[in-house]
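Enquirer: Predicted structure and sequence below. I'll ask about it afterward.
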Amino acid sequence: MTELKDIERELGHFRGRLLAAAAFVLLGFVLLGARLFHLQVLRHDELARQAEVNRTAVVPIVPNRGLIVDRNGVVLASNYSAYTLEITPSRAGPLEPLIDELATLVEITPRDRRRFRRLMEEGKSFESLPLRTKLAEDEVARFTAQRFRFPGVEVKARLFRSYPLGETGSHLLGYIGRINQTEKKAMDDWPDEEQANYKGTEYIGKLGLEQAYERDLHGQTGFERMETSAGGRAVRRLASHGATPGHKLVLSVDIKLQALVEQMFGERRGALVAIDPRNGELLAFVSKPTFDPNLFVDGIDVESWRELSESIDKPLLNRALRGTYPPGSTFKPFMAMAALTSGKRAAGTVIHDGGSFQFGNHTFRSHGDVGLGAVDMARSIVKSSNVYYYSLANEMGVDLMHAQLSPFGFGRRTDIDLEGEVTGVLPSTEWKRRAYRRPEQQRWYAGETISLGIGQGYNNFTMLQLASATATLVSGGLRFKPHLVREIEDVVTHERRRVAAEPLEPLPLKPEHVELIRQAMHGVTQEGTSTRVFAGAPYKSGGKTGTAQAVGVRQNERYNAAKLEEHQRDHSLYIAMAPLDAPTVALAVIVENAGFGAAAAAPMARRVFDYLLLGQYPSEEDMAALRAGKAVAPAGTPRRAEDVPLPGAGLSGLPPVAVAAPLLVAGAMKAPR
């Protein structure tokens, strides 16, 4: 039997299903429209930025590091570009097989592998790390042809720091090196603007002027906005903002004078600091031995680092800034000024020098136990009487000595424009209480005062302090913060900012007292311990020799250098100034373990004055004698300073070397340029 369908009911069901489907479709369109509105309208700006970021990449442009030049424009630190082969570990496969494969295309030495492993330990896996630097053009071509085989490996052009004169001036210049984890952590505390300026920067100043003037030398980082493919490859440049090079540092140092002094030291250790008393500019700042800062630019290898760090000569120690020494008899002119200023002893007071000074049951000796007889203040400096200053120290006491000599800068930082300066020690009763823990050590004993008068005992100063104090003494009390940088030049605008230190409050030294000390120091060069060294000098100068103990000698023993190891022998010191009536240069020099001050240190001071005042450079014969520590007055025919090339200048592409004009011209004084 045929079943009859309810057509009306079927149509109702159909209409219901149709309406439900339509409602569902409508709801879908509403949701889609709402989502579209949310994305296209409400979040348009945010998503547009994200899309732009996905499509483009911002690449920092590292600025050229600023040049460093001496007072005559000789380039001491510059930059050059070279190709490096770099690996990003997070994008590369197993590293050892990868490096082995790369070695078939470019030379990779064991040193390169060791440096890369060290950088891996210090860095992060997503950073690009150099495996091999300074690629030759044929090596770049070979790798480029096979680049598709090495994901995560690429060739980049990078800037490298160069020190054209090698070891010359290394302690004042310092060097740059890769930013380590400690430095990166310290950067987290920098202002956001400074952190942004170091995006892409991998190297930073580590020592010397490179460290002290890092902000000036670094420059301003630029950027390039690049359109990239889905694989991250750059397609085209969309926008760019160039980097601004770092500022140029113009030093007060004459690098030819610096090189001369370093050559005079030869293989010996020591330091020399020459300063202009009129403004605090440093003319030479020498520490020997030196090192080659170029070793550090590309990451120093283990062998070179071990050789530098383990050497008994400590070539990495900046002796001018951080080496402290007893000043020996170079301290006597300052003691004399302290006596005059405090009123403890008049210039005409005569002391009998019998060759020794007795204090309690202890005998303090003079030179060879030979007495000088009747000695006044001027003669005590000229003939270097120990007895005179033993008795003066006993009369003054340690705290009065400290009060009088501290204003000269002894026992405190000079605030030179370098980091890492040490204070040295100018002792006092308060200093000893702070320096020692046990009560019996904290007590000051009267006998400890005696040897302070001749620059021994607890006295320990840097050559920078001694040179600065000498400049203050001979200039009549003028005081400046010593500085190495003379000007900072903006290489874009060519504007120069003078780094002239403002004078500090002068010491109230009486002119007649200053003149007495000057004339006594001049007497040292005419009838005293440095007479032979300054024989025939056409200018007048003043100085004071010093011999300082490296190790103590017992009371019943005599000093015998031949019986001591070389590092235990006495140090040779000299302080000096010239010209006598209006000093334009003051200096302090020490030659470690070289004995009597007139034998090693004073001859170097004479050649510095000859260079600055006469424009003369030692003859080859004289230079050999200086390096051997056997020089007195200049031997042979001096060379014109302008005719002597800088060491390495012929190989470094430097401009012709300018030499500071002599300071003594036709009898008239002329300031150094």
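Expert: Now that the structure is in, tell me what you want to look at.
Enquirer: contacts, neighbours, all on C-alpha from now
Expert: Fine.
Enquirer: Do you have the helices of the stretch 301-450 of the chain handy? List them.
Expert: Here the stretch 301-450 of the chain has its helices, by DSSP state H, counting those that start in this stretch, at 302-309, 319-322, 332-342, 377-382, 386-396, 398-405, 429-435, 439-442, 447-450.
Enquirer: ok, residues contacting the fourth one?
Expert: Contacts to helix 377-382, defined as Cα atoms under 8 Å, 6 or more residues apart in numbering, come from residues 332-333, 336, 346-350, 385-386, 388, 516-517, 519-521, 523-524, 527-529, 544.
Enquirer: One more: the first one?
Expert: Contact partners of helix 302-309, identified using Cα under 8 Å, 6+ apart, comprise Phe291, Leu295, Lys314, Pro315, Leu316.
Enquirer: For the fourth one, which residues are in contact?
Expert: Same thing as Pro315. Counted by Cα under 8 Å, 6+ apart, Pro315 has contacts Lys288, Pro289, Thr290, Phe291, Leu308, Ser309.
Enquirer: so where does the fourth one fall, helix or strand?
Expert: The one in question is Phe291. Taking DSSP states H and E as the definition, one finds Phe291 inside no helix or strand.
Enquirer: Verify the stated contact: it with Leu165.
Expert: No. If you go by Cα atoms under 8 Å, Phe291 and Leu165 don't touch, sitting 11.2 Å apart.
Enquirer: neighbour-wise, which of these two wins?
Expert: Leu165 (25 against 20; other Cα atoms under 10 Å).
Enquirer: can you pull the pLDDT of that one?
Expert: Leu165 carries a pLDDT score of 95 in this model.
Enquirer: I'd say it and Ser78 touch.
Expert: No. The criterion here is Cα under 8 Å, and Leu165 misses it with Ser78 at 10.7 Å.
Enquirer: out of the contacts of Pro315, which is most surrounded?
Expert: Neighbour max across those (other Cα under 10 Å) = Lys288, 29 neighbours.
Enquirer: Can you verify Ala157 is assigned to a strand?
Expert: Yes. Ala157 forms part of a strand when assessed by DSSP: H, G, I helix; E, B strand; the rest coil.
Enquirer: And for it, nearest residue in space, chain neighbours not counted?
Expert: Sequence neighbours aside, Tyr83 is the residue nearest to Ala157 in space, at 4.4 Å (criterion: Cα to Cα, 6 or more residues apart in numbering).
Enquirer: got the contact list for that neighbour?
Expert: Counted by Cα under 8 Å, 6+ apart, Tyr83 has contacts Thr133, Lys134, Leu135, Ala136, Val140, Val155, Lys156, Ala157, Arg158.
Enquirer: if we go to 6 Å?
Expert: Contact analysis of Tyr83 by Cα atoms under 6 Å, 6 or more residues apart in numbering lists Lys134, Leu135, Lys156, Ala157.
Enquirer: pretty sure it belongs to a strand, no?
Expert: Yes. Applying three-state DSSP, one finds Tyr83 inside a strand.
Enquirer: what are the bridge partners for it, then?
Expert: Leu135, Ala157 (DSSP bridges).
Enquirer: What separation do you get for Ala601 and Gly636?
Expert: The gap separating Ala601 from Gly636 is 20 Å, by Cα to Cα, to the nearest Å.
Enquirer: quick one: which of those two has more around it?
Expert: Ala601 (33 against 12).
Enquirer: what helix or strand is the more buried one on?
Expert: Assessed by DSSP H and E, Ala601 sits inside helix 597-614.
Enquirer: Over to Val140?
Expert: helix 137-145.
Enquirer: Let me see the mean pLDDT of that helix.
Expert: Across helix 137-145, pLDDT averages out at 87.
Enquirer: now stretch 304-318: how far from the chain's centre is it?
Expert: Relative to its chain's centre, stretch 304-318 lies at 16 Å (Cα atoms, centre = their mean, to the nearest Å).
Enquirer: Near Arg178, how many other residues are there?
Expert: 18.
Enquirer: For it, name its beta-bridge partners.
Expert: Beta-bridge partners, per DSSP bridges, of Arg178: Tyr203.
Enquirer: Renumber starting at 47 from here on
Expert: Right, with 47 as the first residue, what we last looked at is Arg224.
Enquirer: Would you mind measuring from it to Phe206?
Expert: 11 Å.
Enquirer: follow-up on the earlier one: export the contacts of helix 348-355 to JSON lines and tack on pLDDT and distance to Ala420?
Expert: Formatted as JSON lines, the contacts of helix 348-355 follow (pLDDT from 0 to 100; distance: Cα to Cα, whole Å):
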{"residue": "Phe337", "pLDDT": "95", "distance to Ala420": "49"}
{"residue": "Leu341", "pLDDT": "91", "distance to Ala420": "58"}
{"residue": "Lys360", "pLDDT": "94", "distance to Ala420": "44"}
{"residue": "Pro361", "pLDDT": "95", "distance to Ala420": "45"}
{"residue": "Leu362", "pLDDT": "95", "distance to Ala420": "47"}
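Enquirer: for those, which one is nearest Gly254?
Expert: Closest to Gly254 out of those is Leu362 (11.3 Å), distances taken as Cα to Cα.
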